[in-house]
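# model this:
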Amino acid sequence: MSRLVMKFGGTSVANIERIRNVARHVKREVDAGHEVAVVVSAMAGKTNELVAWCTEASPMHDAREYDAVVASGEQVTSGLLAIVLQGMGIQARSWQGWQIPIKTSDAHASARIEDIDGGEIIKRFRERKEVAVIAGFQGINPETGRITTLGRGGSDTSAVAIAAAVKADRCDIYTDVDGVYTTDPRIVPKAKRLDKIAFEDMLELASQGAKVLQVRSVELGMVHNMPIFVRSSFDKPEDIDPHANQPPGTLICGEEEIMENHVVTGIAFSKDEAQISVRQIEDKPGVAASIFGPLADANINVDMIVQNVSEDGKTTDLTFTVPAADFTRAKDTITAAKAKIGYARLDTATDVAKISVIGSGMRSHAGVAAQAFSALARRNINIRAITTSEIKFSVLIDTAYTELAVRTLHTLYGLDQA
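Just a heads-up that it's a prediction; the model follows:
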């Protein structure tokens, strides 16, 4: 017998019929003898509707009241699923984040989980064989007693954190895709589903643009060594053997559990990038701080950074990227600090994309990035900027070449046959 946490996203619970389908997935695992906790998102589109209502009520609304409103979507879903499960003869009870409690920081709309007491849920597993149906995305700040939310995609984070708290054997993330692919199959039809992927590789894929999992959920999985299994909620529940070693999907786990590491695991891309170049700054200590300090104060995340020094060594150019959503604020922030920075010109571009090549196998293989640069050059794709880490490198290119670059690199590293 295993203890499982099953998480279902918005498309999986979009209406009552789909909630019944979710209930059949849960019943399959209960009938197999497993102890089950279920974490649910709001119905598809419901959170967006609630956010829009808050904005319509007042563009400058109180973040505490915003959380009170948007957390209600998950409350509805958890109650409905509990009702359906009870109708199937399964002991089930819904839980809101504050009832468990899931204790968080007080950063409303983007709170971080600080502690979860899974004692009562575990007790009910043992004494009542009860399925806990938990509202994802939400918690409570113990100091104020106010409901908090974890930011978009926060139900994934809730699920992994709860899995760690109740000492689950695995956390299953049911979504509208059947696993993690080597890249987006809509861009590369030959993309292959990965049976297993290491936490580190998945963390890089998620942070570089892959939309399968929320980054913080992967971080939590890695910290607690909690296996995460990404699978489709649209597979017929009755067609899946709950005792199978691994049904269709992708297991995210420790690197030691993967028998063979490919040099490159996957290719991620993001078109939500903007480039800013600060030209002809005096090359002296403190210049970088004068640029990136104000951006940090404005909570603007800077990604790729490239510095070029002039031949005489007197001036330098600094080029960096920011999320497209923060582009205007970033440009205004740098412009406002012009007197302190002392630059001659500000160049910007929003028609850029970031392509990232990820793989733990890069640690022990030389020349992986050089192969990519040569392949892109043969396709006449110009590289604007490059960043590297131990298991990843990223290039910034013109958006128009995104699909060509992804296909080229996917083939280059043999992922078409992965």
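# Just the buried positions in stretch 389-403, please.
391-397, 401-402 (16 or more other Cβ atoms under 10 Å). In short, each C-beta sits where N, CA and C put it, glycine included.
# Keep only those of those residues that are in helices.
Thr402 (DSSP state H).
# how about the buried residues of stretch 389-403 in TSV, adding distance to Arg93 and pLDDT?
Converted to TSV, those look like this (distance: Cβ to Cβ, whole Å; pLDDT from 0 to 100):
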residue	distance to Arg93	pLDDT
Ile391	42	90
Lys392	43	93
Phe393	48	94
Ser394	46	94
Val395	50	95
Leu396	50	95
Ile397	51	96
Tyr401	53	96
Thr402	47	96
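# Would you mind reformatting the buried residues of stretch 389-403 (as a markdown table) and adding columns for distance to Arg146 while you're at it?
Compiled in a markdown table, the buried residues of stretch 389-403 are given as follows (distance: Cβ to Cβ, whole Å):
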| residue | distance to Arg146 |
| --- | --- |
| Ile391 | 39 |
| Lys392 | 38 |
| Phe393 | 43 |
| Ser394 | 39 |
| Val395 | 44 |
| Leu396 | 41 |
| Ile397 | 45 |
| Tyr401 | 47 |
| Thr402 | 42 |
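# Between the buried residues of stretch 389-403, which sits nearest Lys271?
Thr402 (6.2 Å; Cβ to Cβ).
# That closest one against Lys271, yeah?
Yes: contact between Thr402 and Lys271 holds when scored by Cβ atoms under 8 Å: they sit 6.2 Å apart.
# what is in contact with these two at once?
Contact with both Thr402 and Lys271 is made by residues Ala353, according to Cβ atoms under 8 Å, 6 or more residues apart in numbering.
# shaky segments in the stretch 1-150 of the chain?
1 (pLDDT under 70).
# Kindly recompute the last result at 90.
1, 59-60 (pLDDT under 90).
# residue ranges of the helices in it, please?
16-31, 46-57, 63-70, 72-87, 119-128 (DSSP state H, counting those that start in this stretch).
# out of those, deepest packed?
The highest average neighbour count among the helices of the stretch 1-150 of the chain, using mean count of other Cβ atoms under 10 Å, belongs to helix 72-87 at a mean of 21.
# I'd like to know which elements that one is packed against.
For helix 72-87, the packing partners by 3 or more Cβ pairs under 8 Å, 6 or more residues apart in numbering; DSSP states H and E come out as helix 16-31, strand 35-40, helix 46-57, strand 92-95, strand 131-135.
# Contacts for the third one, please.
Right, the one you point to is helix 46-57. 10, 41-42, 61, 65-66, 69-70, 72-73, 76, 137, 152.
# do that again at 10 Å, thanks
The contact list for helix 46-57, computed with Cβ atoms under 10 Å, 6 or more residues apart in numbering, reads 10, 13-14, 41-43, 61-63, 65-74, 76-77, 109, 137, 149, 152, 155.
# For the longest strand along the chain, buried residues please.
Longest among the strand segments of the chain by residue count, using DSSP state E, is strand 266-282. By 16+ other Cβ under 10 Å, the buried positions in strand 266-282 come out as 266-270, 273-278, 281.
# Could you dump those residues into JSON lines and include distance to Glu120?
Below are the buried residues of strand 266-282 laid out as JSON lines (distance: Cβ to Cβ, whole Å):
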{"residue": "Gly266", "distance to Glu120": "39"}
{"residue": "Ile267", "distance to Glu120": "44"}
{"residue": "Ala268", "distance to Glu120": "39"}
{"residue": "Phe269", "distance to Glu120": "44"}
{"residue": "Ser270", "distance to Glu120": "41"}
{"residue": "Glu273", "distance to Glu120": "45"}
{"residue": "Ala274", "distance to Glu120": "47"}
{"residue": "Gln275", "distance to Glu120": "51"}
{"residue": "Ile276", "distance to Glu120": "50"}
{"residue": "Ser277", "distance to Glu120": "55"}
{"residue": "Val278", "distance to Glu120": "55"}
{"residue": "Ile281", "distance to Glu120": "58"}
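# Looking at those, which two lie furthest apart in space?
So, the buried residues of strand 266-282 by Cβ to Cβ: farthest apart are Gly266 and Ile281, at 36.8 Å.
# Nearest to Thr350, out of the helices and strands packed on helix 72-87?
Here helix 46-57 is closest among these (Cβ to Cβ), at 24.1 Å.
# So what's the gap between that closest one and the chain middle?
22 Å (Cα atoms, centre = their mean, to the nearest Å).
# Repeat that for stretch 58-76.
On Cα atoms, centre = their mean, the centre of stretch 58-76 falls 22 Å from that of its chain.
# what's the answer for stretch 85-95, then?
The answer for stretch 85-95 is 30 Å, by Cα atoms, centre = their mean.
# mind listing what's buried in it?
85, 90, 92-95.
# And for stretch 219-237?
Counting neighbours by 16+ other Cβ under 10 Å, stretch 219-237 gives 219-222, 224, 226-233, 235, 237 as buried.
# Out of these, which is nearest to Ala330?
Set against Ala330, the nearest of the buried residues of stretch 219-237 by Cβ to Cβ is Glu219 (25.2 Å).
# residues contacting the closest one?
Counting by Cβ under 10 Å, 6+ apart, Glu219 has contacts 157, 160, 199, 203, 206-207.
# Just the pLDDT for it.
The per-residue pLDDT reported for Glu219 equals 94.
# Phi and psi next, for Ile258.
phi -100, psi 120 (degrees, to the nearest 10).
# Find the nearest non-adjacent residue to it, please.
Closest residue in space to Ile258, ignoring its immediate chain neighbours: Lys196 at 5.2 Å, by Cβ to Cβ, 6 or more residues apart in numbering.
# Contact partners for that neighbour?
Counted by Cβ under 10 Å, 6+ apart, Lys196 has contacts 180, 227, 229, 246, 250-255, 257-260, 265.
# distance of the residue lying farthest from the centre of the chain from Lys284?
What lies farthest from the middle of the chain is Asp312; by Cα atoms, centre = their mean that is 44.1 Å. Distance of Asp312 to Lys284, computed by Cβ to Cβ, to the nearest Å: 14 Å.
# can you pull the buried residues of stretch 102-113?
In stretch 102-113, counting by 16+ other Cβ under 10 Å, buried: 102-104, 108-109, 111-113.
# could you pull out the helices for the stretch 301-418 of the chain?
Using DSSP H, counting those that start in this stretch, helices in the stretch 301-418 of the chain cover 327-336, 338-341, 368-378, 402-412.
# Report the buried residues of the last one.
Spelled out, that is helix 402-412. In helix 402-412, counting by 16+ other Cβ under 10 Å, buried: 402, 405-410, 412.
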